[in-house]
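# no sequence on this one, just coordinates:
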């Protein structure tokens, strides 16, 4: 049965560094067949560049998803249109650069579909993610029963609703954006693996990846501050999903946290 590794929001250079040093070993130790990671905070904490996307592919990430910060670096726009391995939310305008879904084929011939969606609660305006999912899932299912969905959203309720909406239709639904790994991983009744948030791949001695002194000063003074990326207690967080390649049903889901100085669990 194939194993799929889904990693939470990569934050800045620390998040990229732990992928460089730890991802290959985790892929080997856990017999990972496919890896997807959210990269929208990979460049200095906001956005991603073509160089960084290529860097992450080189470390062993197969497909990169994103979210509301995907447009922060203007140089990423042509890259989005050229490279099907980097996704932007599918429920952005169809006239936006890039694509919101892809099917990736591994060197062993395994095909995995990936859909990237953006929540609408407490977020910038976007088209309906549920309608986008309804349109994309049948299209990808023609190529592979293995389909995973990244719901980049603020509201827990919206992520959970998407899990129930897609239960039995996709292999996994996992949330990103809030940077805090949740402990609600489970298999839904119709065979879809679900977790509300994968957590953050980045520095945990921080406030969501940013220097805690800068964030605290901004909160307490209500004055603007530069939220530099923090540097300490770097962890790689996500889930490992096992699935039946014939049906696309998930057979297991397990949270992981890997620290730079060793595996945490």
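Alright, I've got the coordinates. These figures come from a predicted structure and were not determined experimentally.
# hey, where'd the strands end up in the stretch 1-150 of the chain?
3-7, 9-10, 34-38, 63-65, 101-105, 111-118, 147-152 (DSSP state E, counting those that start in this stretch).
# Redo those strands as CSV? Include distance to residue 186.
No exception for glycine: its C-beta is placed from N, CA and C like everyone else's. Formatted as CSV, these follow (distance: least, CB to CB, whole Å):
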stretch, distance to residue 186
strand 3-7, 15
strand 9-10, 21
strand 34-38, 19
strand 63-65, 21
strand 101-105, 24
strand 111-118, 20
strand 147-152, 15
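# Return the most buried member of the ones you listed.
Scoring the strands of the stretch 1-150 of the chain by mean neighbour count under mean count of other CB atoms under 10 Å gives strand 9-10 as the most buried, with a mean of 30.
# Can you tell me how far residue 114 is from residue 226?
Look at residue 114 and residue 226: by CB to CB, to the nearest Å, they are 33 Å apart.
# Could you name the helices and strands sitting against the longest helix that the chain contains?
Secondary structure of the chain per DSSP state H: the longest helix is helix 12-29. Counting contacts by 3 or more CB pairs under 8 Å, 6 or more residues apart in numbering; DSSP states H and E, helix 12-29 packs against strand 3-7, strand 9-10, strand 34-38, helix 50-59, strand 200-203, strand 234-243, strand 250-259.
# Tell me which residues are up against the third one.
Applying CB atoms under 8 Å, 6 or more residues apart in numbering, the contact partners of strand 34-38 are 2-10, 19, 23, 27, 56, 60-67, 104, 106, 110, 112, 114, 148, 150, 152, 176-177, 198, 201, 238.
# Quick check: closest non-adjacent residue to residue 118.
Nearest non-adjacent residue to residue 118, counting by CB to CB, 6 or more residues apart in numbering: residue 89, 3.6 Å away.
# pLDDT score for the one you found?
Predicted confidence (pLDDT) for residue 89: 98.
# and it, how far is that from residue 24?
According to CB to CB, residue 89 and residue 24 sit 29 Å apart.
# ok, now how distant is residue 133 from residue 105?
Per CB to CB, residue 133 is found 22 Å from residue 105.
# so where is the protein shaky, pLDDT-wise?
Counting by pLDDT under 70, the chain shows low-confidence ranges at 262-265.
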